[in-house]
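Engineer: what would the 3D arrangement of this be:
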Amino acid sequence: MDRGTGTTADGYRSLLGQLDEWFARGRAASACVPCRRGCTACCHGPFDISAADAELVTDAVRRLPSGERDTVLARATALLDRMRAIEPGWTAPYDVAAIGERRFDRLTDALAEEPCPLLDDTGRCRIYADRPLVCRLMGLSMATPTGRVIENACPIQDRFPGYAELPPVPFALEEFEVEEMKCLQAAALRCFGDAERWTFETTIAAAVAEGHRG
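Structural biologist: So this is what the prediction gives:
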């Protein structure tokens with residue numbers, strides 16, 4: 001599985017491509033999987049993303065046409081303002097660990113219906129090719145060589161006959177995680193000058209708003 005992904009932002013993008021291949025295999029095996037670009041069932045409410053994801057998201061938004069970029073930035077800033085209203089003491093760089101899991105869960109519950117600022121008016125992700133890792137894990141169950149099973153977290157799977165009963169799709173997740181760790185450490189080094197901050201997590205809204213500040 002080693003493809004020389006390296007530790008650059010492009011290397012992380014390449015690594016995420018392995019998840020896309022996994023998902024493509026699973027969807028090809030069954031016609032009942034609705035998860036695809038344009039489905040927004042899981043694209044609401046804040047959720048945590050890594051420093052490597054934040055880099056990809058920020059760069060992808062920066063490459064959007066100016067009008068789209070301005071719209072995304074305005075929506076991200078508005079959502080970040082709402083998050084700060086719930087957690088007034090939460091400040092840049094908006095590390096989830098700074099407020100803790102319980103308070104972050106309260107925040108996500110309060111804003112669970114808010115659409116991701118990256119969605120356009122038709123519900124399509126403006127940066128689909130550069131979406132975060134967690135977005136790529138949605139829609140199928142996964143089985144790993146060590147016996148781990150990650151359940152499908154799709155919130156609408158019961159609406160499609162046979163979807164919830166699909167067997168897990170094999171993926172060498174443990175090997176993937178070794179390379180992911182290298183990418184997270186490299187991203188933390190670029191972002192903070194400290195590879196030990198690889199556990200940093202923030203939200204899409206914070207990443208976009210802070211990444212385009214000034």
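
Engineer: poorly predicted segments of the chain, please.
Structural biologist: The chain contains residues with pLDDT under 70 at 1-7, 214.

Engineer: which residues in it form strands?
Structural biologist: For the chain, strands defined by DSSP state E occupy the ranges 49-50, 142-143, 149-150, 169-170, 201-202.

Engineer: return the most buried member of those strands.
Structural biologist: Ranked by mean neighbour count, the strands of the chain are led by strand 49-50 with a mean of 24 (mean count of other Cβ atoms under 10 Å). C-beta coordinates here come from the backbone N, C-alpha and C atoms, glycine included.

Engineer: partners of that strand, with directions?
Structural biologist: strand 201-202 (antiparallel) (DSSP bridges).

Engineer: what sits up against the strand it pairs with?
Structural biologist: Strand 201-202 has contacts (Cβ atoms under 8 Å, 6 or more residues apart in numbering) with 48-51, 54, 93-97.

Engineer: and that strand, how far out from the chain's middle?
Structural biologist: With Cα atoms, centre = their mean, to the nearest Å as the basis, strand 201-202 stands 10 Å off its chain's centre.

Engineer: so which residues of this structure form helices?
Structural biologist: 9-28, 51-62, 66-86, 100-110, 133-137, 173-192, 204-211 (DSSP state H).

Engineer: quick check: which of those helices is nearest to residue 122?
Structural biologist: Closest approach to residue 122 among the helices of the chain (Cβ to Cβ): helix 66-86, 12.6 Å.

Engineer: returning to what we had before: determine which stretch of the helices of the chain is the most buried.
Structural biologist: Most buried among the helices of the chain, counting by mean count of other Cβ under 10 Å: helix 204-211, with a mean of 24.

Engineer: what helices and strands are in contact with it?
Structural biologist: With contacts taken as 3 or more Cβ pairs under 8 Å, 6 or more residues apart in numbering; DSSP states H and E, helix 204-211 sits against helix 51-62, helix 66-86.

Engineer: centroid-wise, who is the farthest residue in this protein?
Structural biologist: residue 161 (27.1 Å; Cα atoms, centre = their mean).

Engineer: I'd assumed residue 31 was in contact with that residue.
Structural biologist: No. If you go by Cβ atoms under 8 Å, residue 161 and residue 31 don't touch, sitting 10.6 Å apart.

Engineer: can you tell me which residue is spatially central in the chain?
Structural biologist: Closest-to-mean residue, the chain, Cα atoms, centre = their mean: residue 132 / 2.9 Å.

Engineer: that one: what's it in contact with?
Structural biologist: Shown in contact with residue 132 (Cβ under 8 Å, 6+ apart): 49-50, 53, 56-57, 204.

Engineer: and the helices of the chain: which comes nearest residue 41?
Structural biologist: Closest approach to residue 41 among those is made by helix 133-137 (11.6 Å; Cβ to Cβ).
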